[in-house]
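>>> Here is a sequence together with a model predicted from it:
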Amino acid sequence: MCIRDRYQRRVHGIQPFRKIMATPDKTSIQAIALLIDDLKNEDSKKRLNSVKNLSLIAQSLGPERTRTELLPFLMELTDDDDEIMITLGEVLGGFTELSGGPAHVFTLSRTLETLACAEESTVRDQAIESLKKIISTVKISEHQTEIMELLKRLSNNPESFTGKIACASIFPHCYMQLSASFQQELIGLFRLYAKDECIQVRKSASMNLKHLIGLIPKYPEAEATTLFQHFCKDEQDFVRFYCVDSLLAICKIIPFSKSSAYLLTFIKSCVEDKAWRMRFMLADKIVEISKCLDHDTIASHLLGCFVAFLQDPESEVRTIAATRSAEFCKFIDGSSIIKKILPALKKLSTDSFVHVRKALSESLLQIAPLIGGVGTNEHILPMFLTLLKDDNTEVRLPLLKNLEELNKAVGIEAMSANLVPAITQLANDKKWRVKMTIIDYLPILAKIMGEGSFTDRFGGMCLSWLDDNIYAIRESAMKNLQQLTIILGSKWAEKNVLPKLLSYQMHTNYLFRMTPLFAVQMLVPHLSQEGIEKIIVPFMLNQIADKVPNIRFNIAKGLKVVAPYVKNSSLQTAITKALTQLSSDPDLDVKYFSSKSYTVAQQCLLTLSKLAYLSLIHI
């Protein structure tokens, strides 16, 4: 039966809804009526919009009619388009109060139960989350029978195995507040799911075991560990896959002395597992697992596993291992890092896969402080230089982000001969986004290198970006100069930056003449008063007669920023006169911004006059 026919069959069921229209607000009446009609519209977009606004319909109907008329009608939507069913599941999660409060939750749950048994996993997952949400609104201990009936209906659904998947996901949420007899019943159900012939059911049970482990000791420890060992031996890798999460949960709850035998067996089996996802998952979680173990256990059991992951034949496993390398090394002594981990990382520096080399470049320099200057010079620097010369910019760029770590270990001057050419090459890259990344990293270099060394090597480069044809680069260059002024000081900016900015006032292209006007607004708060009054103010006043309106109104905006920093009354008067002149400009934008700025400048001038008057009285 088509969707249209199915809805036509329900037309008479929806008609009584119109009894709600005994209200004077005709606009509201029409809007709700339209939403109701759209629930049975053959256009899926209109049905979706109506489902999104179900709360408005429910508010209009009231709780009783929502339960007796709307919810039964919505059962017709539970075999609709996936997007509509997902939205329906999400909306019903907030229907507790609209359907009469916690006392009627289990009337509301019927529709969600149907959705929780859907074959489409995204629909099912949303319905399960909404079921958890509405169940959390009631006192579970007072509704144990209803909850058990709900779970049994899901588990015994004759039409599909998906009900068992939903039950396995929901019952850890309820378990703690159920009676001992009901808990035992659920334990028996979960045990059956672990052995179910359907792979998806076993997968759901394995996925949710970590939640049950978190309930120990209320959930029997022996039962949890038995299930864990059972899932570890499952023939399907995506059932075993979730055992890594359970392993982590066990490490946090059960003392390692009690669980070491089966945990170490599982870890070893993961390293040797033919399914790369298993190896990937353990490599991804190895840092979190290490946090739960002592130093000797990590050195004797996990170190060898981690080295194996760095040498794994699958590039995805090598990538995640390289990503976790710096964090894992924090649990290992320097000698073991040098002898076992760094040789494996050295091979990755020339790996044929770009994403492996990129992951290494993101982590490598963070290892430097862990092994000291000698170890860094001998082992880290050669890899750093190899990666710095990599053909791919995505490999080279992350190295600059962590230069501070390298500086802590050996000092940046030790590699300046190699670093400057590499940065220069990146700065001239054809991709403008690469240039922007380099611009963002230069303040880090300035902090490390100091004023003299940085200016000699990179000062000209920073200023050259102001000439770039791409505005985004020029804008980043101005922000970069602002950061450099904060780091290196106002004298540095007045000596090196302002002369370059002043040179643009004669540029034939007005877009470049605007560059110093934008830059000045960023720099002024960080310049000395002398620099502002002797350089910035005269420069801006000289431009008020520019032929381009955009220049003139940016001058007006700039003077508004500059005025509060000017303490010379004659200059402040000159600023006020200039803004008065611009206020009569034929261009409307120039007039508008000039009038705004004039108010600020006039107030600044008035303040200076008051201060001068007070100083005369004091004398």
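Sure thing, it's come through.

>>> So for the lengthiest helix in the chain, what gets flagged as buried?
Counting by DSSP state H, the longest helix found in the chain is helix 588-618. Going by neighbour count (16 or more other CB atoms under 10 Å), the buried part of helix 588-618 is 590-591, 593-594, 597-598, 600-602, 604-605, 608. Bear in mind the C-beta positions are built from the backbone N, C-alpha and C, glycine included.

>>> Now render the residues you listed as CSV, adding distance to residue 170.
Converted to CSV, those look like this (distance: CB to CB, whole Å):
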residue, distance to residue 170
590, 66
591, 67
593, 61
594, 66
597, 63
598, 67
600, 62
601, 67
602, 69
604, 67
605, 72
608, 72
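
>>> Kindly spell out which helices and strands sit in contact with the longest helix of the chain.
In this structure, helix 588-618 makes packing contacts with helix 549-562, helix 569-583, judged by 3 or more CB pairs under 8 Å, 6 or more residues apart in numbering; DSSP states H and E.

>>> Please enumerate the strands of the stretch 351-500 of the chain.
For the stretch 351-500 of the chain, no strands are identified by DSSP state E, counting those that start in this stretch.

>>> Flag the shaky bits of it, pLDDT-wise.
Where the stretch 351-500 of the chain drops to pLDDT under 70, the residues are 412-418.

>>> One more: the chain?
1-32, 79, 412-418, 612-619.

>>> tell me, how many neighbours does the residue nearest to residue 231 when sequence neighbours are not counted end up with?
Setting aside the residues directly before and after it, residue 231 is nearest to residue 206 in space (CB to CB, 6 or more residues apart in numbering), at 4.6 Å. Per other CB atoms under 10 Å, the neighbour tally for residue 206 reads 27.

>>> Which elements pack onto the helix or strand containing residue 206?
Assigned by DSSP states H and E, residue 206 belongs to helix 199-213. Applying 3+ CB pairs under 8 Å, 6+ apart, one finds that helix 199-213 contacts helix 162-174, helix 180-194, helix 221-232, helix 237-240, helix 243-253.

>>> again, only using 10 Å
Judged by 3 or more CB pairs under 10 Å, 6 or more residues apart in numbering; DSSP states H and E, helix 199-213 is in contact with helix 121-135, helix 162-174, helix 180-194, helix 221-232, helix 237-240, helix 243-253.

>>> re earlier: tell me the one of the buried residues of helix 588-618 nearest residue 497?
residue 597 (23.9 Å; CB to CB).

>>> Report the contact partners of the closest residue to that closest one other than its chain neighbours.
Spatial nearest neighbour of residue 597, chain neighbours left out: residue 560 (3.7 Å); criterion: CB to CB, 6+ apart. Residue 560 makes contacts with 521, 575, 579, 593-594, 596-601, 604, as judged by CB atoms under 10 Å, 6 or more residues apart in numbering.

>>> Quick check: the gap between residue 560 and residue 603.
Using CB to CB, to the nearest Å, residue 560 is found at 11 Å from residue 603.

>>> how many neighbours does residue 101 have?
So residue 101, with other CB under 10 Å, has 12 neighbours.

>>> Same check on residue 359?
Using other CB under 10 Å, residue 359 has 24 neighbouring residues.

>>> That one reaches residue 319, doesn't it?
Yes: Residue 359 lies in contact with residue 319 (CB atoms under 10 Å); the separation is 4.7 Å.

>>> Could you provide the helices and strands packed on helix 588-618 in a markdown table, with additional columns for distance to residue 174?
Compiled in a markdown table, those are given as follows (distance: least, CB to CB, whole Å):
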| stretch | distance to residue 174 |
| --- | --- |
| helix 549-562 | 61 |
| helix 569-583 | 71 |
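
>>> At which residues are the helices of the stretch 401-550 of the chain located?
Listed in chain order, the helices of the stretch 401-550 of the chain (DSSP state H, counting those that start in this stretch) span 403-409, 416-427, 432-449, 451-454, 460-464, 471-488, 490-496, 498-502, 510-523, 529-531, 537-541, 549-562.

>>> Turn these into CSV, including distance to residue 232.
Formatted as CSV, the helices of the stretch 401-550 of the chain follow (distance: least, CB to CB, whole Å):
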stretch, distance to residue 232
helix 403-409, 38
helix 416-427, 47
helix 432-449, 44
helix 451-454, 56
helix 460-464, 56
helix 471-488, 52
helix 490-496, 62
helix 498-502, 66
helix 510-523, 59
helix 529-531, 70
helix 537-541, 73
helix 549-562, 66
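
>>> which of these sits most buried?
Each of those was scored by mean neighbour count; the highest is helix 549-562, a mean of 22, by mean count of other CB atoms under 10 Å.

>>> OK, contacts around residue 301?
Contacts of residue 301 (CB under 10 Å, 6+ apart): 260, 263-264, 267-268, 293.

>>> Any figure for the gap between it and residue 339?
17 Å.

>>> same question, residue 283
For residue 283, the distance to residue 339 - CB to CB - is 20 Å.

>>> between those two, who's got more neighbours?
Comparing residue 283 with residue 339 by other CB under 10 Å, the one with more neighbours is residue 283, at 28 against 10.

>>> my guess is residue 124 meets residue 116, correct?
Yes: counting by CB under 10 Å, residue 116 is a contact partner of residue 124 at 5.8 Å.

>>> Which residue of those two possesses the greater neighbour count?
Taking other CB under 10 Å, residue 124 and residue 116 do not tie; residue 116 has more neighbours (29 against 24).

>>> isn't that one right next to residue 134, touching?
No: contact criterion CB under 10 Å: residue 116 and residue 134 do not qualify, at 11.7 Å.

>>> And for residue 459, the neighbour number?
Residue 459 has 20 nearby residues by other CB under 10 Å.

>>> which residues touch it?
446, 451-452, 484, 488, 492, 495-497, 500.

>>> How much space separates it from residue 493?
11 Å.

>>> repeat for residue 581
Look at residue 581 and residue 493: by CB to CB, they are 29 Å apart.

>>> sorry, back to before: who touches both of residue 459 and residue 493?
Residues within reach of residue 459 and of residue 493 at once, by CB under 10 Å, 6+ apart, are residue 484.
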